[in-house]
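J.: Only the shape, not the letters, is given here:
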C-alpha cells in the first residue's frame, strides 16, 4: 500500500513535468518568432508579415544609400581583338550588387586563348571592390571571329573610405599560350658583395 502511494505521487510529478515540458515547447514557437523578428535573423517570419500584393523582397539593410560611388570601366587589349565594356560608368551605392557586361571578339583568323587581369584606381579601393562573378577568373579560347559577352558582378564594401568617390576598374586582356609575354626579370644587385 505504501509503495503504491509512492508510485502514484511519482506518476503525478512526472505528469506535471511532462505537461510543463509540453507547455514550454508550445510557448517556444511564438517566443522564437518574436526573437527572430526583433533580431531580423528569420526570413520566414518576415515573409509571413508581408501584405498581399506587396513586395515580397526583403530590403538589403547593408546598402549604404547615403553614398554614391561612380565606377568607371576601362578595357585594354594586348593583341588584335575587340574588347570593351557595355557601359563606361555606373553609379552604385556601397553594399549594392551590380553587374556590368564586357564584350570580347577574336578578330583574328586563328583560334586564340586569352585572359583578363584587373587593376583598380585608386589603389586603396582594391580591397573594398568585391567581385562575386568575373570573367577574369578564367582563361577563354575563342575561334576566329567568335564573339562573347561576360559579366562582372560586384559589390563595393560599405567600409570603403569616405573620401573615395570614384573607382576605376580596368581590365587588360592578353593572349595566353605560346605568345604569352615573359614574366619580368628582377634586377640584379649592382654589387655582389662588400669590400674584400
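T.: Perfect, thanks for sending it. Remember, it's a predicted structure, so these values are computed and weren't measured experimentally. Residues are numbered from 1 along each chain as shown.

J.: Just list the residues touching the residue lying closest to residue 133 once chain neighbours are set aside, thanks.
T.: Nearest in space to residue 133, with sequence neighbours left out and distances taken as Cβ to Cβ, 6 or more residues apart in numbering, is residue 153 at 4.1 Å. Backbone N, C-alpha and C define where each C-beta goes, glycine included. Contacts of residue 153 were listed using Cβ atoms under 8 Å, 6 or more residues apart in numbering, and they are 97-99, 131-134.

J.: and these as CSV, adding neighbour count and distance to residue 148?
T.: Output for the contacts of residue 153, formatted as CSV (neighbours: other Cβ atoms under 10 Å; distance: Cβ to Cβ, whole Å):
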residue, neighbour count, distance to residue 148
97, 13, 22
98, 16, 20
99, 12, 16
131, 14, 18
132, 12, 19
133, 11, 15
134, 17, 14
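
J.: ok, so of those, who is nearest residue 62?
T.: The closest of those to residue 62 turns out to be residue 97 (Cβ to Cβ; 10.1 Å).

J.: Which strand residues bridge that closest one?
T.: Counting by DSSP bridges, residue 97 is bridged to residue 155.

J.: With the one 5 residues further on instead?
T.: Each beta-bridge partner of residue 102 is listed here: residue 85, residue 150, as defined by DSSP bridges.

J.: worst-scoring helix or strand of the chain, pLDDT-wise?
T.: helix 43-48 (a mean of 42; mean pLDDT, DSSP states H and E).

J.: Buried residues of the helix or strand just after that one, list them for me.
T.: Later in the chain than helix 43-48, the nearest helix or strand by DSSP states H and E is strand 69-78. Of the residues in strand 69-78, those buried by neighbour count under the rule 16 or more other Cβ atoms under 10 Å are 69, 71, 73, 75, 77.

J.: what's the span of stretch 81-96, first residue to last?
T.: End-to-end distance of stretch 81-96 (Cα to Cα, to the nearest Å): 32 Å.

J.: Now it: buried residues?
T.: Buried residues in stretch 81-96, counted by 16+ other Cβ under 10 Å: 81, 83-85, 90, 92-96.

J.: Now the residue most central in space within the chain: closest residue in space that isn't a chain neighbour?
T.: When Cα atoms, centre = their mean is applied to the chain, the residue found nearest the centroid is residue 132 (3.9 Å). Excluding the flanking residues, the one nearest residue 132 by Cβ to Cβ, 6+ apart is residue 153, at 4.6 Å.

J.: by how many degrees do the helix or strand harbouring the one you found and strand 69-78 diverge?
T.: Using DSSP H and E, residue 153 sits within strand 147-156. Here strand 147-156 runs at an angle of 140 degrees relative to strand 69-78 (axes from the mean of the first three to the mean of the last three Cα atoms, to 10 degrees).

J.: Point out the ones among the buried residues of stretch 81-96 that are inside strands.
T.: 83-85, 90, 92 (DSSP state E).
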